[in-house]
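Enquirer: Fold the stuff below for me.
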Amino acid sequence: MRQFLALLLLCGSITQAQPPNLLIILADDCTYNDLPVYGGQNARTPNLDRLAADGLTFNKAYVTAAMCQPCRAELYTGQHPMRNGCAWNHSASRPGTLSLPQHLAPAGYRTGIAGKVHVLPAESYPFENVPGFDPNCVRSPTEAHDLAGVRDFITRDKKQPFCLVVALTEPHVPWVMGDASEYPPKKLKLPPNIADTPKTRQDFAAYLAEITYMDGQVGEILATLEQSGAAQDTLVLFSSEQGSQFPGNKWTCWDTGLHTALIARWPGKIAPGTRTDALVQYADVAPTLLDLAGLKTNHPFDGQSFAVVLRGEKNTHRDFAYGAHNNIPEGNAYPVRTVSDGEWRYIRNLAPDEIYIEKHLMGQLGGSAAHNAYWPTWMATAFDHPRTYQLVKRYLRRPAEELYHTASDPGEMKNLAGSAEHAAIQAKLSAELDRWLAEQGDPGLPQDTHESHQAAKRGEHRFFPKP
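Expert: Numbering: from 1, shown residues only. The predicted structure follows:
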C-alpha cells in the first residue's frame with residue numbers, strides 16, 4: 001500500500017500543473033459604480049458584463065489612495081503607500097522596493113506591462129515593456145492601440161508562465177475617445193455627488209463614451225488571449241482603478257474615490273456568475289498572485305492572499321480597508337485618512353480649517369481647465385441651487401470627522417459623525433484608524449508636505465520613515 005501511495009505522489013509531482021498565467025487589465029480613473037456590473041445606469045459595457053458572467057465580482061474592493069501612482073504602486077508591491085513610500089502622486093517608492101517582476105521571478109514568470117506605467121523608480125518596477133498601448137495619461141483620438149505586442153508577449157514561450165499588466169488610459173481625461181453621441185446628455189442619470197448643469201451632462205456623456213471605448217479594448221484583449229490558446233490557464237483580473245476626475249471621486253477618501261471594481265475569471269477554478277462580499281484591497285493582490293504561483297515568502301506585505309475567496313471556499317477576507325490622501329502635488333496640503341468595514345466609513349480630515357483645493361479642477365495647470373470646464377458652472381449656479389451649493393461646500397470645506405453608512409448611502413452624502421446613535425461604530429472605526437496609522441508609521445500632518453513630496457521623488461523619504 002505504501003508503495004502504491006508513493007507512486008501516486010510521484011505521479012502527482014510529475015504531472016503537477018504549471019502555475020497560472022496572470023493577466024491584469026486596468027482602467028484609469030473609472031468610478032466603480034458607473035459600471036453596469038456595479039449598478040451604473042448609463043454606461044454600456046458588454047465585455048465587462050460578459051467577464052463578470054464568466055467569473056467572480058468583488059462587491060467590496062478598495063485602493064488605499066485614490067491617485068494613479070500610489071494605487072498602482074500598492075497593487076504591484078502589496079504594500080500601502082506609507083510602507084512602499086509612494087504616498088504622493090508623481091513621486092516614487094523607496095529605493096529597494098520590490099514589486100511583481102521580482103516577486104514572481106522565482107516561479108519562472110516573465111512579467112510585462114503594456115500601456116501606462118506611472119511607477120518609480122524603474123529598478124523597483126522592472127517590467128518588460130510591451131508595446132501597443134499609450135503609456136501616457138493624456139491621449140489623442142488620433143492614436144490607435146495595437147494588440148500585436150500583447151499577442152507576442154502571451155505566445156512567446158508557452159512553457160513559461162506570464163504575468164501581463166495591460167494598463168489602459170481610459171476613461172482618464174481628456175474624454176476624447178469613443179462616441180459621445182451614444183449618450184444624449186438630457187437622458188443621463190447623474191450620480192448623487194455630481195451637480196446637474198448642462199456642461200456637466202455634456203462632459204459626463206463624454207466620460208461614459210470613454211468607458212464604452214475602454215470596454216471595447218477589454219474585449220479585444222480577452223479575444224487575443226482566447227486566440228492564443230492560453231485563456232483556460234489564465235487568471236484574468238480587471239480593475240477600474242480609483243474614481244473619475246469628477247469632484248468627490250478621485251483625490252478623495254470618499255467611497256467613490258477608493259472603491260474599485262474587481263472582477264476575476266479563471267476557467268475551471270472560479271465559479272462563473274458569482275459575487276462576493278469579501279473585503280479586499282490592492283495590497284492583497286500581490287500576495288494572492290504569489291500564493292497561486294506556489295511561492296512562499298517572508299516579504300513584509302501589508303496584504304494577504306485571498307486565493308480561498310477566488311476558489312469560493314470563503315466569502316470573507318479582511319476586516320477593514322484603509323485610505324489616505326495628502327493632496328500634494330495636486331493642491332494645498334490636505335491630509336485625509338479613512339477606514340471602512342465595508343458597511344460604514346469613518347473619515348478624519350487633519351486640516352479641517354483649510355479649504356480643499358485641487359489644482360486640476362481649478363484650472364491652475366496649463367490647459368487643464370478645458371478638462372474640467374463643468375466646475376465653473378457648479379460655482380456659478382450654487383447660489384440659487386441648494387443641492388449644487390451643498391455639493392460645492394462638501395468638496396471645499398470638510399469637517400474634522402465624517403461617518404457614513406455607505407451600505408445605505410453609497411454616495412456618502414449624509415454625515416453621521418457626532419450622532420449619539422452611531423457613537424459606538426464611530427469610536428470603533430476611529431480606534432482602528434489610530435491602530436493602522438501607528439502600524440504604518442504615518443505622521444499624519446507633516447511639517448512641510450511639499451518638501452516631503454520632493455524628497456520622495458529623490459528617493460529621500462523624510463516624513464514617512466520606513467516602518
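
Enquirer: and residue 57, backbone torsions?
Expert: phi -110, psi 130 (degrees, to the nearest 10).

Enquirer: hang on, isn't it packed against residue 276?
Expert: Yes. Assessed by C-beta atoms under 8 Å, residue 57 is found in contact with residue 276 at 7.5 Å. (C-beta placed from N, C-alpha, C; glycine too.)

Enquirer: All the helices of the stretch 151-300 of the chain, in order from the start?
Expert: 198-228, 255-258, 285-292 (DSSP state H, counting those that start in this stretch).

Enquirer: Of all those helices, which one comes closest to residue 424?
Expert: Comparing the helices of the stretch 151-300 of the chain by their distance to residue 424 (C-beta to C-beta), the top pick is helix 255-258, with 20.9 Å.

Enquirer: So for residue 417, which of the helices of the stretch 151-300 of the chain sits nearest?
Expert: helix 255-258 (15.1 Å).

Enquirer: List of residues touching the closest one?
Expert: 31-33, 62-66, 191, 193, 242-243, 248-252, 321, 323, 325, 338, 340, 345, 404, 406, 410-412 (C-beta atoms under 8 Å, 6 or more residues apart in numbering).

Enquirer: circling back to that earlier point, of all the helices of the stretch 151-300 of the chain, which lies closest to residue 70?
Expert: helix 255-258 (11.2 Å).

Enquirer: Restricting to C-alpha, output the closest one in PDB.
Expert: What follows is helix 255-258, C-alpha atoms only, in PDB (Å, rounded to 0.1, in the frame of the first residue of the first chain):
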ATOM      1  CA  ASP A 255     -16.100  55.700  -1.200                       C
ATOM      2  CA  THR A 256     -16.500  56.800  -4.900                       C
ATOM      3  CA  GLY A 257     -12.800  57.600  -4.800                       C
ATOM      4  CA  LEU A 258     -11.400  54.500  -3.100                       C
END
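
Enquirer: Name the residues of stretch 124-137 that are buried.
Expert: 124, 125, 127, 130, 132, 133, 134 (16 or more other C-beta atoms under 10 Å).

Enquirer: which residues does residue 167 contact?
Expert: Applying C-beta under 8 Å, 6+ apart, the residues contacting residue 167 are 26, 28, 72, 113, 114, 115, 116, 117, 118, 133.

Enquirer: Next one, pLDDT for the closest residue to the fourth one other than its chain neighbours please.
Expert: Spatially, and ignoring its direct neighbours in sequence, residue 113 is nearest to residue 127 (4.0 Å; C-beta to C-beta, 6 or more residues apart in numbering). With respect to pLDDT, residue 127 scores 98.

Enquirer: pretty sure residue 127 is touching residue 118, no?
Expert: No. Using C-beta under 8 Å, residue 127 is not in contact with residue 118; the gap is 11.5 Å.

Enquirer: which residue sits closest to residue 20, ignoring its sequence neighbours?
Expert: residue 235 (4.8 Å).

Enquirer: isn't the one you found right up against residue 292?
Expert: Yes. Applying C-beta under 8 Å, one finds residue 235 in contact with residue 292, separated by 6.6 Å.

Enquirer: if we can go back for a sec, looking at the contacts of residue 167, which is nearest residue 429?
Expert: Looking across the contacts of residue 167 and measuring by C-beta to C-beta, the closest to residue 429 is residue 72, at 26.7 Å.

Enquirer: Does the closest one touch residue 119 like I think?
Expert: Yes. Here residue 72 lies in contact with residue 119, judged by C-beta under 8 Å, at a distance of 5.4 Å.

Enquirer: re earlier: so which of the helices of the stretch 151-300 of the chain is the most packed in?
Expert: Of those, the one with the most neighbours on average (mean count of other C-beta atoms under 10 Å) is helix 255-258, at a mean of 28.

Enquirer: Show the average pLDDT along it.
Expert: pLDDT averaged over helix 255-258 gives 98.

Enquirer: What ranges does the stretch 251-400 of the chain have for its strands?
Expert: 259-265, 274-281, 321-325, 336-340, 344-349 (DSSP state E, counting those that start in this stretch).

Enquirer: avg pLDDT for the second one?
Expert: I take that to be strand 274-281. On average, strand 274-281 scores 98.

Enquirer: cool, stretch 206-219 as well?
Expert: 98.

Enquirer: Whichever strand or helix holds residue 75 to strand 259-265, inter-axis angle?
Expert: Using DSSP states H and E, residue 75 falls within helix 68-77. Here helix 68-77 runs at an angle of 40 degrees relative to strand 259-265 (axes from the mean of the first three to the mean of the last three C-alpha atoms, to 10 degrees).

Enquirer: about what we covered before: looking at the contacts of residue 167, which one is closest to residue 329?
Expert: Out of the contacts of residue 167, the member with the shortest distance to residue 329 (by C-beta to C-beta) is residue 118, at 14.0 Å.

Enquirer: can you tell which of the helices of the stretch 151-300 of the chain is closest to residue 153?
Expert: helix 198-228 (9.7 Å).
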